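**Student:** Return atomic coordinates for the entry below.
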Amino acid sequence: MFFTKRTSGNPDTQTIDEVIGNDPFELLNVNFKSFDLEIKAGEKFEIHYHGPKYRKPTVEVDHDEMRIKEPDLKEKEIFHWEKSFFKIDVHSSRGKVTITVPKETELTEVNLNLASSDVRLSSLKINSLELESSSGDVDGENLRIASLDLSATSGDVAFNRLRLISGDISVTSGDTRLIDSRIEYELSISTVSGDNLVKNTQVAEANLHTISGENQIFGEKKTHGSVGQQDGSFLRMNTISGDNRIE
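**Tutor:** Next up is the predicted model:
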């Protein structure tokens with residue numbers, strides 16, 4: 001038995017690769033259900049989209065605020081294969097949005113609301129970052145952030161070369177890593193199920209707590225200790241099921 005594909009001959013189902021915005025902004029609001037997201041420093045403001053044409057995100061600018069949203073087009077997301085009384089539904093591929101801001105630009109506020117997306121941030125200066133993710137990994141490198149509020153339900157969180165004044169990272173199911181970084185005031189890292197690792201990071205003191213797992217500071221089983229800096233900065237690491245390690 002052979003199945004036939006029915007797409008209604010819609011040219012919108014083709015994949016596109018294009019710039020969808022280049023207006024400058026200081027505030028950024030992103031709302032995605034499934035798009036992967038990358039925000040990076042470059043030569044100029046640019047928003048680039050790669051994915052199905054019919055799912056191209058909407059871009060709105062209001063003064064200094066940029067709003068990018070994935071469209072709600074559920075009826076177009078499924079192709080049908082039908083034969084007799086059989087039907088197979090296959091969802092189309094996800095897209096990706098890449099946002100570039102000029103080097104040395106400091107974004108005042110960035111709000112990311114992501115349902116099922118991987119996100120990568122690199123070489124950025126951000127005054128306030130709020131990131132909420134239901135499913136997907138978060139990866140950040142070479143970032144300067146004054147205030148961080150990150151909440152993830154399922155996915156790993158990794159920061160490398162992060163300079164942070166204060167922040168809170170909360171993960172339900174996933175590992176967190178903070179490497180080659182600096183905490184200037186305080187940071188709280190908490191997971192329900194997952195391991196927390198902080199390595200080669202400048203901070204004065206740390207408190208570690210786990211219900212099912214181990215706490216280690218430089219190889220010793222400890223729940224509190226001096227890490228190295230003498231500036232009064234503080235790190236809290238909590239997990240219910242998992243290990244906390246400072247190396």
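**Student:** okay, CA-based contacts and neighbour counts for the rest of this
**Tutor:** Fine.
**Student:** how's the protein carved up into domains?
**Tutor:** For the chain, automatic domain parsing gives the domain ranges 12-104, 137-247.
**Student:** For residue 114, which of the ones you listed is the nearest?
**Tutor:** domain 12-104 (4.9 Å; Cα to Cα).
**Student:** next one: that closest one to chain centre, how far?
**Tutor:** Relative to the centre of its chain, domain 12-104 is centred 15 Å away, using Cα atoms, centre = their mean, to the nearest Å.
**Student:** average pLDDT for that domain?
**Tutor:** Average pLDDT, domain 12-104: 84.
**Student:** next one: stretch 206-220
**Tutor:** Stretch 206-220 comes out at a mean pLDDT of 94.
**Student:** which of the residues in it are buried?
**Tutor:** 206, 207, 208, 209, 210, 214, 215, 216, 217 (16 or more other Cα atoms under 10 Å).
**Student:** sorry, back to before: same list as before, the domains of the chain that is, but in JSON lines and with distance to residue 123 included.
**Tutor:** JSON lines is the format used below for the domains of the chain (distance: least, Cα to Cα, whole Å):
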{"stretch": "domain 12-104", "distance to residue 123": "6"}
{"stretch": "domain 137-247", "distance to residue 123": "5"}
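**Student:** Most tightly packed of those domains?
**Tutor:** domain 137-247 (a mean of 19; mean count of other Cα atoms under 10 Å).
**Student:** what's the span of it, first residue to last?
**Tutor:** 23 Å (Cα to Cα, to the nearest Å).
**Student:** How far does it sit from its chain's centre?
**Tutor:** Worked out by Cα atoms, centre = their mean, domain 137-247 lies 16 Å from the chain centre.
**Student:** And the helices in this structure, which stretches?
**Tutor:** Remark: no helices are assigned in the chain by DSSP state H.
**Student:** Not counting its neighbours along the chain, what's nearest residue 167?
**Tutor:** residue 148 (4.3 Å; Cα to Cα, 6 or more residues apart in numbering).
**Student:** For the one you found, give the beta-bridge partners.
**Tutor:** Residue 148 has these beta-bridge partners by DSSP bridges: residue 129, residue 167.
**Student:** In this structure residue 247 contacts residue 218, no?
**Tutor:** Yes. Between residue 247 and residue 218 a contact is recorded at 4.8 Å, counting by Cα atoms under 8 Å.
**Student:** thinking the residue nearest to residue 167 is in contact with residue 170, fair?
**Tutor:** No. Residue 148 lies out of contact with residue 170 (Cα under 8 Å); the separation is 10.9 Å.
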